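let's see this in three dimensions:
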Amino acid sequence: MKYLFFVIILFITISSNFFTFAQEEEPVLYFQLEPLDDSLFIQIQEQLFIDPPDPKTEIIADIRDPNNQTISIAGALYPFLALKPEIRARIITYPFKINLQETINYSSVFTRVIEKLRLQKILNPPSSLQISSGLGYINPFLQAQGGERFGFPIKSDIGVSIGLGTPYSGVLETNFIEMNFHILGVRLGIFRNADAFVEIKDNNNHNNLIVTEGIQVAYTIPLGNFFEIGYWNGNKAVTQSQFLKYTFYSVNKDAVVRNPDGSIKFQPYIVDNESFLNWEFRYPIKVLGATRGKVYVAKYLDELHIGYTGREMTLGGSVFDFRFDAMVNSPARPNQYVCDILVQKIFDMWAASAIAIGPGFIISDTKSGSLGFTSFLFNLRIKVGTSL
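Numbers count the residues shown, from 1 in each chain. Alright, predicted model coming up:
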C-alpha cells in the first residue's frame, strides 16, 4: 500500500486530458430556457417589471415570426422587443435550450397533449461541464454537512474545492473536513478533524466516523466525468485521550454498545494512521429538471456506497435538493441509509434561490439493535453563483 501513492502519481503523469467537448446546434427559434443562469433569468424579469424575480421560473422565447416575436414568463406573454438588445442577444445565444418547435402530422390530434407534458424532463442528460473530467469539480452548492464538494475555478480546470463531512456522510456523523486543489482532473488535498460536528448529539453515536488528519490524491479518468480513483492516507494516530473522548466520555459515553456477553456489538469507526484506495463510478444525470445530479457506486474508506444526489429538482412548483446514500458494506459499522431533502424558496428576496433548508437523517441499527433513526438534524445548502 505504501507504493500505491507513487503508482497513482505515475499514472497521472503519463495520462493527459485529451477530450474536449464540442457542440453544434441548429438555429432554434421557439425554445424554453433551462434555468441554469440565475443572473440572466433575474435580469429578464427585472426588465419586464416582474417583482420578485424567480430564477427558476419557466421562460419561453418565440422568435419565429420577425414581426411578432414574444417571450413568455410563467405563462404571461410579453413582447420580445421590450427587452434590451444585449439581453435579447444573450437569450438568442443561450446554450441551454429546449427546442419546442413542433412537427404537426396526422397523429398529432392524438399525441399533442401528451407531448406538451414534456415527460422527457423527468430524465435529462447533464450539461457538458458536468461530464468533463477536468471541470466536473466546479460546483456552486455548499452544503453544511455531507454531499458533493463545493468547488470554484481559479482558471478553468484549475481550482479549489472544500467539503464538510465526507461526500457520503449524513448529519452529525463525522468530524471529517477537507480542502482540495484541482488541476486537469487531478485532485490533491488535505483533511483533518473538526470534532464539533460529533459533539452535538448524545445518543446513537456508535455509528460515527472519526478521522484525524492526512492527505489524499485522486484522478478522474479523462473519458468523461464517470470514474475517479484515489489514495487516502491518514498520517496521525489517535491519542489515548482522543480515543476515550470519542468512545466513552461526554456525549459519547454510550458510543460503545456491547452484547450481553460483554463483547463489542457496535462502536465508532476510528480511522487514523491508515491508508485506503478509494474509487467512485458515477453517471451525471438530471432527474425532474435538476440543474446538477448523479447516480454513483463508490468505495470509500473500505465502505461501499450506492446513491443519488440532485440539486434544484422541480416537482409541482416546488424546488428542492435530494440526496440518498446507502452504505451497504463496512468493516466496522452496520449498514446505514443517509437522506437529505432541502427545500428552496422558503426565504425571501435573494435567499429564495440561494438557500435551501430541510431535514437530514440517517437510518441504521440503533444501540438497541433495531432499525431506526440514529441521527436527525436540519441541513443547509447555500448556492454561490449560478448553476452549471
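
please, which helix or strand holds F361?
Per DSSP states H and E: F361 is located in strand 355-365.

ah, wrong one, I meant I306
Using DSSP H and E, I306 falls within strand 303-315.

do I177 as well
According to DSSP H and E, I177 maps onto strand 176-183.

what element comes up after that strand heading to the C-terminus?
Next helix or strand after strand 176-183 toward the C-terminus (DSSP H and E): strand 186-193.

which secondary structure elements does that following strand contact?
With contacts taken as 3 or more Cβ pairs under 8 Å, 6 or more residues apart in numbering; DSSP states H and E, strand 186-193 sits against strand 176-183, strand 209-211, strand 213-220. C-beta coordinates here come from the backbone N, C-alpha and C atoms, glycine included.

which residues does the strand holding I177 contact?
With Cβ atoms under 8 Å, 6 or more residues apart in numbering as the test, strand 176-183 has contacts from 134, 137, 149, 151, 157-166, 169, 187-194, 209, 211, 216.

between that strand and strand 213-220, how big is the angle?
Interaxial angle, strand 176-183 versus strand 213-220 (axes from the mean of the first three to the mean of the last three Cα atoms, to 10 degrees): 40 degrees.

let me know the angle separating strand 176-183 from strand 186-193.
Using the same axes, to 10 degrees: strand 176-183 against strand 186-193 is 160 degrees.

ok, strand 176-183: who's next to it in the sheet?
Here strand 176-183 is paired, per DSSP bridges, with strand 158-164 (antiparallel), strand 186-193 (antiparallel).

where along the chain do the helices fall?
Using DSSP state H, the helices assigned to the chain run over residues 4-14, 38-47, 85-92, 108-116, 240-247, 351-354.

quick one: average confidence on the longest one?
Okay, so that is helix 4-14. Per-region confidence: helix 4-14 scores 47 on mean pLDDT.

same check on the third one?
Confidence over helix 85-92, taken as the mean pLDDT, stands at 92.

also the fifth one?
Helix 240-247 shows a mean pLDDT of 86.

can you mark which positions in it are buried?
Q242, F243, K245, Y246, T247 (16 or more other Cβ atoms under 10 Å).

again with the third one
Along helix 85-92, these residues count as buried under the neighbour rule (16+ other Cβ under 10 Å): I87, R88, R90, I91.

mind checking the backbone torsions on the spatially closest residue to G163 that is not a sequence neighbour?
Using Cβ to Cβ, 6 or more residues apart in numbering and skipping the chain neighbours, the partner closest in space to G163 is R149 (4.2 Å). When read as degrees, to the nearest 10, the backbone of R149 gives phi -70, psi 140.

contacts only, for R149.
Contacts for R149 (Cβ under 8 Å, 6+ apart) come out as Y137, N139, S161, I162, G163, P167, E178, N180.

likewise V160?
V160 makes contact with G151, F152, I154, M179, N180, F181, H182, according to Cβ under 8 Å, 6+ apart.

which residue, neighbours along the chain excluded, lies closest to Y308?
Leaving aside its sequence neighbours, Y308 sits nearest to V295 (Cβ to Cβ, 6+ apart; 4.9 Å).

and the pLDDT for that neighbour?
So V295 comes in at 94 (pLDDT).

that one pairs with what?
Y283, Y308.

what residues does it make contact with?
Applying Cβ under 8 Å, 6+ apart to V295 gives the contacts R282, Y283, I285, G307, Y308.

and E58, how far is that from Y246?
50 Å (Cβ to Cβ, to the nearest Å).

now do V338
20 Å.

how does this structure divide into domains?
Following automatic domain parsing, one gets these domains for the chain: 4-19+128-383, 30-100.

which of those domains sits most buried?
Comparing the domains of the chain by mean neighbour count (mean count of other Cβ atoms under 10 Å), domain 4-19+128-383 ranks first with a mean of 18.

and F361, what pLDDT?
96.

how far away is the residue lying closest to it once chain neighbours are set aside from K253?
What sits nearest to F361 in space, not counting adjacent residues and going by Cβ to Cβ, 6+ apart, is F376, at 4.4 Å. Distance, F376 to K253, using Cβ to Cβ: 20 Å.

circling back: show me what contacts the residue nearest to F361?
Shown in contact with F376 (Cβ under 8 Å, 6+ apart): V171, P359, G360, F361, I362.

quick check, the first one in contact with L164.
No: contact criterion Cβ atoms under 8 Å: V171 and L164 do not qualify, at 10.6 Å.

common neighbours of the two, please.
Common contacts of V171 and L164 (Cβ under 8 Å, 6+ apart): Q145, G146.

quick check: closest non-adjacent residue to the residue nearest to the spatial centre of the chain.
By Cα atoms, centre = their mean, the mean C-alpha position of the chain lies nearest to E148, the distance being 4.1 Å. Nearest non-adjacent residue to E148, counting by Cβ to Cβ, 6+ apart: N139, 5.6 Å away.

which residues does the one you found bridge with?
Those that pair with N139 in a beta bridge, by DSSP bridges, are G151.

mind checking pLDDT for it?
90.

one step back: what's the distance between the residue nearest to G163 and N180?
In this view, R149 and N180 are 7 Å apart by Cβ to Cβ.

likewise I98?
In terms of Cβ to Cβ, I98 sits 34 Å off from N180.

also G385?
Separation of G385 from N180 (Cβ to Cβ): 18 Å.

for E173, same thing?
20 Å.

what's the answer for G170, then?
21 Å.

likewise L100?
Distance from L100 to N180, by Cβ to Cβ: 40 Å.

cool, A326 as well?
When A326 is compared with N180 (using Cβ to Cβ), they lie 25 Å apart.
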